[in-house]
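> Mind folding the following:
(one chain, ligands or ions: 1)
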Amino acid sequence: MSEPTAGDFTKTPGWLDWYAKPSKPRFKLPPGAVDAHCHVFGPGDQFPFAPERKYTPCDASKAQLFALRDHLGFDKNVIVQATCHGADNRALVDALRHANGKARGVATVRPSVTDAELQDMHAAGVRGVRFNFVKRLVDFTPRDELMEIAARIAPLGWHVVIYFEAADLPELWDFFTALPTTVVVDHMGRPDVSKPVDGPEFELFVTFMHEHKNVWSKVSCPERLSVTGSKALDGERNAYQDVVPFARRIVETFPDRVLWGTDWPHPNLKDHMPDDGLLVDFIPRIATTPGLQRKLLVNNPMRLYWPATHLVKIV
Ligand SMILES: O=C(O)c1cc(C(=O)O)oc(=O)c1
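Presented below is the predicted three-dimensional model:
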């Protein structure tokens, strides 16, 4: 893979670039595996970052993403609109259009989006919208605007991806449970993994999934959630031990409603940038049988993003 660059923009101070020479995972991904959470950034000189962004990343192009996909052994990608591009989905849609059918997307839209724009995005491979509630990443959007968007995209068979911090789940509960679509939670709702896996905070997340069968979870981002490590670097294939019980609990309790993604190019990491090959070796520690691995990596993402017809409603 080529090295990251900064395009025409100045990166946020302290920005960590994605890992340029990832190792080969020891874990052999099942045929047809989907990296169901990753991003493209720019390149900034072609697809400028949004004025309202909260960070300026290094470039991470579609070609670099597809090279990583092939290197790690994934078959497909789900590319999620990153907040540094705001509601300008051009970089995302361009990546989808050049993926030979091997990528789907999750966009960010405003209520002013037209039906024609939604149809164009659908034709390119967009299958969901992302609502972000992480305060360091986005400005506040009124709930009724988001609900309006959800009502517009539901007839397309799209779903809603939500990103929030565990401490905010109680306040957001009524909004989330009123959404009319399949709802996919990013990174397990960002649990504080220094708290017990059976403590009240994570228990609330498990209850959320138990009571609402339309809620799915990505069991991704151990590199972001880990407090005590160890890091997926220098050949460490047993990284992020403190996250394993959380992700494993969700995979084993809800095997048909979980997804996994690399989160490449890993925006806003402060401590270290993982070797993506070693990150893939996290998977068999949270999905411990071939059956669970196939569901997590193939069956579930295929059901959500490549169903036989886009009008099939997935619950
Ligand atoms: O935690 C983050 O900083 C983060 C940011 C973004 C984004 O900017 O879209 O996406 C993610 O999945 C995670």
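> which stretches of the stretch 1-150 of the chain form strands?
Using DSSP state E, counting those that start in this stretch, the strands of the stretch 1-150 of the chain run over residues 34-38, 76-80, 103-107, 126-132.
> In terms of helices and strands, where is the closest residue in space to Val34 that isn't next to it in sequence?
Once flanking residues are discounted, Val34 sits nearest to Pro301: 3.8 Å by Cβ to Cβ, 6 or more residues apart in numbering. Where C-beta positions appear, they are placed from N, C-alpha and C, glycine not excepted. Per DSSP states H and E: Pro301 is located in helix 300-305.
> With Gly261 instead?
Judged by DSSP H and E, Gly261 forms part of no helix or strand.
> shaky segments in the stretch 151-300 of the chain?
By pLDDT under 70, the stretch 151-300 of the chain has no low-scoring segment.
> quick one, what contacts the closest residue in space to Val185 that isn't next to it in sequence?
Leaving aside its chain neighbours, Val185 sits nearest to Ser217 (4.6 Å; criterion: Cβ to Cβ, 6+ apart). The contact partners of Ser217, by Cβ atoms under 8 Å, 6 or more residues apart in numbering, come to Val184, Val185, Met188, Gly189, Phe205, Met209, Ile250, Phe254, Arg257, Val258, Leu259.
> Highest neighbour count among the residues you listed?
Within those, most neighbours by other Cβ atoms under 10 Å means Val258, with 28 neighbours.
> from memory that residue sits against Val215, does it?
No - assessed by Cβ atoms under 8 Å, Val258 is found out of contact with Val215, at 10.9 Å.
> Just the endpoints, please. Distance across stretch 49-62?
Distance between the two ends of stretch 49-62: 15 Å, counting by Cα to Cα, to the nearest Å.
> Might you calculate how far it sits from the centre of the chain?
16 Å (Cα atoms, centre = their mean, to the nearest Å).
> And for stretch 62-75?
Relative to the centre of its chain, stretch 62-75 is centred 16 Å away, using Cα atoms, centre = their mean.
> Report the buried residues of that stretch.
Lys62, Gln64, Leu65, Phe66, Leu68, Arg69, His71, Leu72, Gly73, Phe74, Asp75 (16 or more other Cβ atoms under 10 Å).
> Distance-wise, check Phe74 relative to the ligand.
Going from Phe74 to the ligand by Cβ to the nearest ligand atom, to the nearest Å gives 17 Å.
> Please name the bridge partners of the closest residue in space to that residue that isn't next to it in sequence.
Nearest residue to Phe74, sequence neighbours excluded (Cβ to Cβ, 6+ apart): Asp35, at 4.5 Å. Beta-bridge pairing of Asp35 under DSSP bridges involves Asn77.
> ok, now which ones touch Asp35?
Contacts of Asp35 by Cβ under 8 Å, 6+ apart are Arg69, Leu72, Phe74, Lys76, Asn77, Val78, Trp260, Gly261, Thr262, Trp264.
> between these, which has the most around it?
Asn77 (30 neighbours).
> That residue is in contact with Ala67, isn't it?
No - when contacts are counted by Cβ under 8 Å, Asn77 is not listed as touching Ala67 (11.6 Å).
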